[in-house]
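[1] Dropping the sequence and predicted coords here.
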Amino acid sequence: MALVLRSLYQLYNSLFHDFKGDPRNDEHGFIGLGSPFPVLAIIACYVYFVKVLGPKMMENRKPYDLTTVIYIYNIFQIFFNLYIGSVAIYNSYWNGKISLTCQPIDYTNKTPQMNRLIFATYLYYFSKYLDLLDTIFFVLRKKFNQITFLHVYHHGGMIFAVYIFCKFLAGSHGTLLGILNSFVHVVMYGYYFLTSFKPELKDSLWWKKHITQIQLMQFAILVVHFINPIFFYECGHPKFVAAVGVTQNFFMFLLFSDFYYKAYVKKRLTFLFNNKFLDHQHL
C-alpha cells in the first residue's frame, strides 16, 4: 500500500510540479489549470451540496420559482455551446488541420487555427462548471428525484476529465469528445428551453426520448474513436489515455442505456403488458 501511495505521489509531482502540463496554457493566460486540488474541492463541494446540504436546507422551505432564471440560463447555454462547437470543429476537422483517425499531442503546434481550438477547449472547460447549475436548480426547486447517481457522476466527472484534457491533451485525439458534446448540449438545452417556456410541451415533444438516444450515439462514436489509436492507427498518442477514453465512454454508455431502459423501454413494456392483461380480463 505504501508503495502504491508513493508511486501516486511521484506521479503527481512529475505531472503538476516538474512537467506542469501544456505550456501553451500559460501563453494564453488560462486560469484554473494549475493544481488539481481546487478542481477536486469544487467537485466535492458540489456533491456535498446537492446530495446533503442542499436537500437539508430545503427540507422545510417551499420550492423556489426559478422560471425566469432557468429560461435565461437555457438560452445562454444553447448559444454558448453552439459557439464552442462551431469554433472547435471549424478549426480542427472542418479544414483538415487535425486528424480524425489519430491525432497526437503536439505542444509545438501554435498555428492560429490551433490557438483558436485551444481557446474553444478552454471555454468548453468553463462550460462544465456552468452545467453544475442544472443540479443546483433541482435542489432549489426540490426536484430531488432528478438528482440521480448518473446525473451527479456525469457532471462531476466531466469537470475533472476536461480539466485533464485542457492541461495535458489540448488539440489532441480527444477533441472530438468536446465537439460532439457541445452540439448534444445545444439539442438538450433547446429542449429544456422549450419546456421551461411552455411546460405543457413536456408530454407532446416527440423528440424527448431521442435526446437520450443522441447521447448514447455520442458515447458509441467516442468508444470507436478512442479505439483507433490503440489498435488501428499509430501517431504517438498515448495508448493509456485512449484506453481511459474507451473505458469511460463505455461506462457512460452503460449508465445511459440503463436510464433509457427504465425511463422508456420498461415503462412501455409495462403499459403494453397491463393493457393486454386488461383486455384478456374482459374476454
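    Looks like it arrived, so ask away.
[2] switch to C-alpha atoms for all contacts and neighbour counts from now on
    Noted.
[3] which residues of the stretch 51-200 of the chain fall in strands?
    Taking DSSP state E, counting those that start in this stretch as the criterion, the stretch 51-200 of the chain carries no strands.
[4] Can you give the contact residues for stretch 76-96?
    Contact with stretch 76-96 is made by 97-100, 113-114, 116-117, 120-121, 123-124, 127, 178-180, 182-183, 185-187, 189-190, as judged by CA atoms under 8 Å, 6 or more residues apart in numbering.
[5] change it to 7 Å
    Contact with stretch 76-96 is made by 97-100, 113-114, 116-117, 120, 123-124, 179, 182-183, 185-186, 189-190, as judged by CA atoms under 7 Å, 6 or more residues apart in numbering.
[6] In helices, which of those residues appear?
    113-114, 116-117, 120, 123-124, 179, 182-183, 185-186, 189-190 (DSSP state H).
[7] Throw together a PyMOL command that grabs the buried residues out of the contacts of stretch 76-96.
    Selection of buried members from those for PyMOL, criterion 16 or more other CA atoms under 10 Å:
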select buried, resi 98+100+113+114+116+117+120+123+124+179+182+183+185+186+189+190
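[8] So which of the ones in helices among the contacts of stretch 76-96 is the closest to residue 73?
    residue 189 (9.0 Å; CA to CA).
[9] is it true that that closest one touches residue 72?
    No. With contacts counted by CA atoms under 7 Å, residue 189 stays clear of residue 72, the gap being 11.0 Å.
[10] count of residues packed around residue 171?
    26 (other CA atoms under 10 Å).
[11] so what's it up against?
    Residue 171 touches 105, 114, 117, 118, counting by CA under 7 Å, 6+ apart.
[12] And the pLDDT for it?
    With respect to pLDDT, residue 171 has a value of 95.
[13] how about it, phi and psi?
    When read as degrees, to the nearest 10, the backbone of residue 171 gives phi 80, psi 10.
[14] Below-threshold pLDDT in the stretch 151-283 of the chain: ranges please.
    For the stretch 151-283 of the chain, the stretches with pLDDT under 70 are 200-207, 267-283.
[15] ok, which stretches of it are helices?
    In the stretch 151-283 of the chain, the helices defined using DSSP state H, counting those that start in this stretch lie at 175-197, 208-227, 239-260, 266-282.
[16] Of these, which stretch is the most buried?
    Per-stretch averages of neighbours, counted by mean count of other CA atoms under 10 Å, single out helix 175-197 among the helices of the stretch 151-283 of the chain, with a mean of 20.
[17] Show me what that one packs onto, helices and strands only.
    Contact analysis of helix 175-197 by 3 or more CA pairs under 7 Å, 6 or more residues apart in numbering; DSSP states H and E lists helix 67-89, helix 208-227 as its packing neighbours.
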